[in-house]
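With the sequence up front, the predicted model follows.
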Amino acid sequence: EDLRVDGRGCEDYRCAEVETDVVSNTSGSARVKLGHTDILVGVKAEMGTPKSEKPDEGYLEFFVDCSANATPEFEGRGGEELGTEIANTLYRVFSSESSIDLKSLCINPREHCWVLYVDVLLLECGGNLFDAISIAVKAALFNTRIPKVRVLEDEEGSKEIELSDDPYDCIRLNVDDVPCIVTLSKIGYRHVVDATLQEEACSLASLLISVTSKGALTSMKKVGKGSLDPESIFEMMETGKRVGKSLHIALQKILDEEESLGTSRQKVGFLG
Amino acid sequence: MRLPVARKAVGPSAPRGSEKHLVAPGDTITTDTGYMRGHGTYVDEEKLIASVAGAVERVNKLVCVKALKTRYNGEVGDIVVGRITEVQQKRWKVETNSRLDSVLLLSSMNLPGGELRRRSAEDELAMRDYLQEGDLISAEVQSVFSDGAVSLHTRSLKYGKLGQGVLVQVSPSLVKRQKTHFHDLPCGASVILGNNGFIWIYPTPEQKDEEAGGFTTSLEPVPLSDREVISRLRNCIVALVTQTLMLFDTSILYCYEASLPHQIKDILKPEVMEEIVLETRRRLLDLEG
């Protein structure tokens, strides 16, 4: 039977609220509230030198901060381990070449490129962190506005970078292929999507899969002390792909709706 | 699975019947020196100042502030639902959402073999067979130590280890003090409203008299209809808590009836929650008036 403690089915998400452009001094930001889980993501675009093995691409840097407000266990350095684990997972998810077009972030091959610093802040921990973080990262990247630059060549050959004067003249990123993480927790003989804190305490093993909007799997990770049967892994993957696709559709609909409201949108922010 | 439209303005709050004097820590309650100070207040330069955030209560000359969100302060005769955290020499330590862990002495426990048996060494060694770490129990407060720690007893057949059910944790100030805290709701489930804020919802047991004294827990799978009722009750209680309504059997029942037209998982949506609680509030006011 498909009934969890709060009445949801095994593949139902909790009520989620997504808002972008909440932090004014970033290039892009998003805040996601999934039940009691509250995530804030800020993206800052800065200029840097491309990596030597990929001279004509920009890159992303992830940093996760587990705020001490979230739970008492994060006091001091308690949240560092979880933070590095989440950051490494995000690196893996975005490591595939098709997820984001890094060539559009290049300004001058081998010399200048855009580096996107993605900062994730955990405000409240209510279960299912990875899903909420990936939704917030996708929303923040959708909201990111990178200013357009022009490269001017001098007579001596030194290059100058000119920023356009118009603050609205910027490039947007294409987030169609950005994957979202779906966490499937195994409880007893069934697996559930979007586990609450209590359900996470009951589950021995979980599978984290990152799914693109077309249903393609980009990475997979197993967490937890328990073991997973290969057949159940296959079932979980199928469920994850299905759930991931509908998650992307719903998220894109919300982002487009928010975009269409434009400047007339009432920002709720943190005090609403 | 849905992502609703994000932005919601501050929800409307229904007007209250009587105006309550709400204070924050540091607010002056009164400058009149004729009052005795109760809990939650202190005297500073002839002024009575509140030390917690809550509502002022005045009984003749006694002024105290009842806090809205606190830890549980034990009173003799309260029913509590707690979780065993430690098994010690002659007692169990129980977590009851209070400042100190509560204590359940072995001598305060019902043991098979009759009431007046002297607790022997074998009983001590077999303590773990009765209650282990992580078990949930319902008990009554026997006494309160001077430091505020609470001593529990389960000297009745209605107390003891809890079997299958759902636990909801709320603030202790939202549980109304009543004559009885064990309710069998007509919708098909039973609920224990612990004074410490732990609310236990469980399927109504078939046979009313149990000889075991509350230690055996049946692990049979609960039927789907019972589970739906329990899930709905749990969501209703969460909705009432979010809108800060007092919890007692009538309010939970009215909320359950108001939520019947909606699906169980929709009850937690903000707009549905407001609608249900508004309806409950209206029915409760009708009941009083």
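That came in fine, so what should we check first?

from here on, contacts and neighbour counts on C-alpha atoms
Noted.

Sheet-wise, list the partners of the helix or strand harbouring A:V223 with their directions.
Of the helices and strands defined by DSSP states H and E, A:V223 is found in strand A:217-224. Strands adjacent to strand A:217-224 in the sheet, as given by DSSP bridges, are strand A:205-211 (antiparallel).

re the thing from before, beyond the strand holding A:V223, next helix or strand please.
Moving toward the C-terminus from strand A:217-224, the next helix or strand (DSSP H and E) is helix A:230-261.

Wait, B:A67 touches B:V52, no?
Yes - in terms of Cα atoms under 8 Å, B:A67 counts as a neighbour of B:V52; the distance is 6.0 Å.

Low-confidence stretches in the stretch 51-200 of chain B?
Flagging of the stretch 51-200 of chain B using pLDDT under 70 yields the residue ranges B:112-119.

80 instead, please
Counting by pLDDT under 80, the ranges of the stretch 51-200 of chain B that qualify are B:110-125.

Residue in it with the shortest distance to chain A?
Ranked by Cα to the nearest Cα, the top residue of the stretch 51-200 of chain B for proximity to chain A is B:V166, at 7.5 Å.

all strands for chain A, in order.
With strands called from DSSP state E, chain A shows them at A:16-20, A:28-34, A:37-48, A:59-66, A:106-108, A:112-124, A:145-147, A:149-153, A:159-163, A:170-172, A:180-187, A:190-193, A:205-211, A:217-224.

wait, what's in contact with the spatially most central residue of chain B?
When chain B is reduced to its mean C-alpha position, the nearest residue by Cα atoms, centre = their mean turns out to be B:G197, at 2.7 Å. Contact criterion Cα atoms under 8 Å, 6 or more residues apart in numbering or on different chains gives B:72, B:97, B:169-175 as the residues in contact with B:G197.

can you check A:T218 too?
A:93, A:96, A:179, A:209-212.

re the thing from before, which one is the residue of the stretch 51-200 of chain B closest to chain A nearest to, not counting chain neighbours?
Of all residues beyond its chain neighbours, the one nearest B:V166 is B:I201 (5.2 Å), with distances taken as Cα to Cα, 6 or more residues apart in numbering or on different chains.

so the one you found is in which element?
Here B:I201, judged by DSSP H and E, is contained in strand B:198-203.

returning to what we had before: averaged pLDDT, the strand holding A:V223. What do you get?
The predicted model gives strand A:217-224 an average pLDDT of 89.

would you put the C-alpha positions of it in CSV?
Listed in CSV are the C-alpha atoms of strand A:217-224, where the atom choice follows Å, rounded to 0.1, in the frame of the first residue of the first chain:
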residue,chain,number,x,y,z
LEU,A,217,21.1,9.5,-15.5
THR,A,218,24.4,11.4,-15.1
SER,A,219,25.7,10.0,-11.8
MET,A,220,24.7,7.6,-9.0
LYS,A,221,25.8,7.3,-5.4
LYS,A,222,24.9,5.0,-2.6
VAL,A,223,24.9,6.2,1.0
GLY,A,224,24.1,4.5,4.2
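
So what does the residue of the stretch 51-200 of chain B closest to chain A have for phi and psi?
Torsion angles at B:V166 (phi, psi; degrees, to the nearest 10) stand at phi -120, psi 130.

residues near the nearest residue to A:F130 once chain neighbours are set aside, how many?
Counting by Cα to Cα, 6+ apart, A:I181 is the residue found nearest to A:F130 once chain neighbours are left out, at 6.3 Å. Here the number of neighbours of A:I181 (other Cα atoms under 10 Å in any protein chain shown) works out to 28.

B:L287 now?
As a burial measure, the neighbour count of B:L287 was computed by other Cα under 10 Å and equals 9.

next one: B:S146
Residues near B:S146, counting by other Cα under 10 Å, number 7.

Please enumerate the shared neighbours of B:A67 and B:V52.
Once Cα under 8 Å, 6+ apart is applied, the residues that B:A67 and B:V52 both contact turn out to be B:G40.

Spell out which residues belonging to the stretch 101-250 of chain A are near chain B, please.
By Cα under 8 Å from any Cα of the partner chain, the residues of the stretch 101-250 of chain A that approach chain B are A:246-247, A:250.

what's the closest of the residues you listed to A:I187?
A:L247 (21.9 Å; Cα to Cα).

lowest confidence element among the helices and strands of chain A?
Among the secondary structure pieces of chain A, namely its helices and strands, strand A:159-163 has the lowest mean (mean pLDDT, DSSP states H and E), a mean of 76.

and the angle from that one to strand A:149-153?
Comparing the axes of strand A:159-163 and strand A:149-153 via axes from the mean of the first three to the mean of the last three Cα atoms, to 10 degrees yields an angle of 150 degrees.

re the thing from before, which entries within the contacts of B:G197 meet the buried criterion?
The neighbour-count test (16 or more other Cα atoms under 10 Å in any protein chain shown) applied to these identifies B:72, B:97, B:170-175 as buried.

which residue ranges form the helices in the stretch 1-150 of chain B?
Here the stretch 1-150 of chain B has its helices, by DSSP state H, counting those that start in this stretch, at B:121-125, B:127-130.
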